[in-house]
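Engineer: Any chance you can model this:
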Amino acid sequence: MKIYFHRDFDGMAAAAILADALATTRGHHDVSWEGVNFDRTLEWDNFANGEEFAVVDFHYHPRAKYWFDHHPTTFLEDSHQEQYSDDENRCFDPTAKSCPPIILRHAAEHWGYTPPTHFTELAKWSDIIDSAGYESAEAALFGTEPAMIVSRALTCSPNLQFHDTMVQLMRDQHLSDIAKHPVVEKCYKRSSKNRDNALENFESNVLLDNGTALLADLRSKKIRRDRFAPFYLHPDVHFAVTLLPTRAGDHITVSSNPWNRPQTDFNLGELMKKYGGGGHQSVGGCNPSDSVTAMKWAREIYNVIKDLS
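Structural biologist: Residues are numbered from 1 along each chain as shown. Have a look, this model is predicted:
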């Protein structure tokens, strides 16, 4: 059994919890896992052909034996949503803040699963991190709790394989112990320097700003970037569109300000779904095929949201 997880904190936590639950209640003792991102949806029909697999915190796949997600944009085909219903091995809850609590609840109710105690804290912080449930932008940027150290360290992972390692660490250890892992400590120190660099260089890379929304191109290799920099430096804006580099190519993120929410109920995830991505009402992302397309899409997205309030 192989678990495919969205390559972020709550995706890794979800994979760790599901791996443990499958091993202890479903007889899957040879579980492995691998991170995925939106670029994999380009081959979604043929994804994992011939495998017995699970998907967590990512798009619905009709061939997945186990599937858990909370993203409202999870269904890539209307027919998938029409045919889907929760069952013993699958659960969709778009009201959940993150994926781990869904798995914990479902596994307890349907499989008789009793999780290790450290999963409670893991799920709590997964909710906070994935929903940006911090008290302030300052707390999001400068918090020093173990979960924050781990979350920040993930932004400087030495390679994609470290995400797989993190799943194992989350399965076996408390966040306070993971935060002391030598690689995590090293990545956290680097991420703190990157955060400071991101704050210093953000303003010079803002392309458009009308007071309601801004667009920043952060793809330069000379600068670093931080998810919360737009709202720390521009607390009055409601939305931020950012162009980012990833190992898979350019990435566009659009998000609303967690500390200055707009009055509109406009769904950013649905907007990004039109570009092959997805997300939630307050945040979404997509992976354009090339840099020219990335800029074109980013400007289009900015023009859609710049007059919302």
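Engineer: Next secondary structure element downstream of the lowest-mean-pLDDT helix or strand in the chain?
Structural biologist: Of all the helices and strands that make up the chain, strand 278-279 has the lowest average by mean pLDDT, DSSP states H and E, namely a mean of 88. Going down the chain from strand 278-279, the next helix or strand is strand 283-286, by DSSP states H and E.
Engineer: Give me the contacts around that following strand.
Structural biologist: Strand 283-286 is contacted by residues 38, 73, 132, 251-256, 268-273, 275-279, 297 when judged by C-beta atoms under 8 Å, 6 or more residues apart in numbering. All C-beta atoms are positioned from the backbone trio N, CA, C, and that covers glycine.
Engineer: switch to 7 Å and redo it
Structural biologist: Here strand 283-286 makes contact (C-beta atoms under 7 Å, 6 or more residues apart in numbering) with 38, 251-255, 268-269, 271-272, 275-279.
Engineer: next one: stretch 27-38
Structural biologist: So stretch 27-38 is contacted by 1-7, 15, 19, 22-23, 58, 160, 163-164, 167, 248, 276-277, 285-287 (C-beta under 7 Å, 6+ apart).
Engineer: Now list the buried members of those.
Structural biologist: Buried subset of the contacts of stretch 27-38 (neighbour count, 16 or more other C-beta atoms under 10 Å): 1, 3-7, 15, 19, 22, 58, 163-164, 167, 276-277, 285-287.
Engineer: Which residue ranges of the stretch 201-309 of the chain form strands?
Structural biologist: 206-209, 213-217, 239-246, 249-256, 278-279, 283-286 (DSSP state E, counting those that start in this stretch).
Engineer: Same list (the ones you listed) but as a markdown table, adding distance to residue 197.
Structural biologist: Shown next, in a markdown table, are the strands of the stretch 201-309 of the chain (distance: least, C-beta to C-beta, whole Å):
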| stretch | distance to residue 197 |
| --- | --- |
| strand 206-209 | 16 |
| strand 213-217 | 14 |
| strand 239-246 | 14 |
| strand 249-256 | 18 |
| strand 278-279 | 26 |
| strand 283-286 | 22 |
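Engineer: Tell me where the stretch 51-200 of the chain has strands.
Structural biologist: Ranges of strands in the stretch 51-200 of the chain, per DSSP E, counting those that start in this stretch, are 53-56, 66-69, 90-92.
Engineer: helices and strands around the second one, which ones?
Structural biologist: This means strand 66-69. For strand 66-69, the packing partners by 3 or more C-beta pairs under 7 Å, 6 or more residues apart in numbering; DSSP states H and E come out as helix 9-25, strand 53-56, strand 90-92, helix 100-111.
Engineer: and residue 65, which of these is closest to it?
Structural biologist: Minimum separation from residue 65 across those (C-beta to C-beta) falls at strand 53-56, 6.1 Å.
Engineer: Can you name every helix or strand that the lengthiest helix in the chain contacts?
Structural biologist: The single longest helix within the chain, with elements called by DSSP state H, is helix 182-201. Here helix 182-201 touches helix 146-154, helix 229-233, going by 3+ C-beta pairs under 7 Å, 6+ apart.
Engineer: what pairs with residue 216 across the strands?
Structural biologist: Per DSSP bridges, the residues bridged to residue 216 are residue 206, residue 242.
Engineer: quick one: residue 100 from residue 7, how far?
Structural biologist: As judged by C-beta to C-beta, to the nearest Å, residue 100 and residue 7 stand 15 Å apart.
Engineer: For the nearest residue to residue 123 once chain neighbours are set aside, give me its contacts.
Structural biologist: Distance criterion C-beta to C-beta, 6 or more residues apart in numbering; nearest residue to residue 123, sequence neighbours excluded, is residue 100 at 4.1 Å. Residues in contact with residue 100 (C-beta under 7 Å, 6+ apart) are 10, 13-14, 17, 122-123, 126.
Engineer: Which one of these is nearest to residue 306?
Structural biologist: For the contacts of residue 100, the nearest to residue 306 is residue 10 (29.5 Å; C-beta to C-beta).
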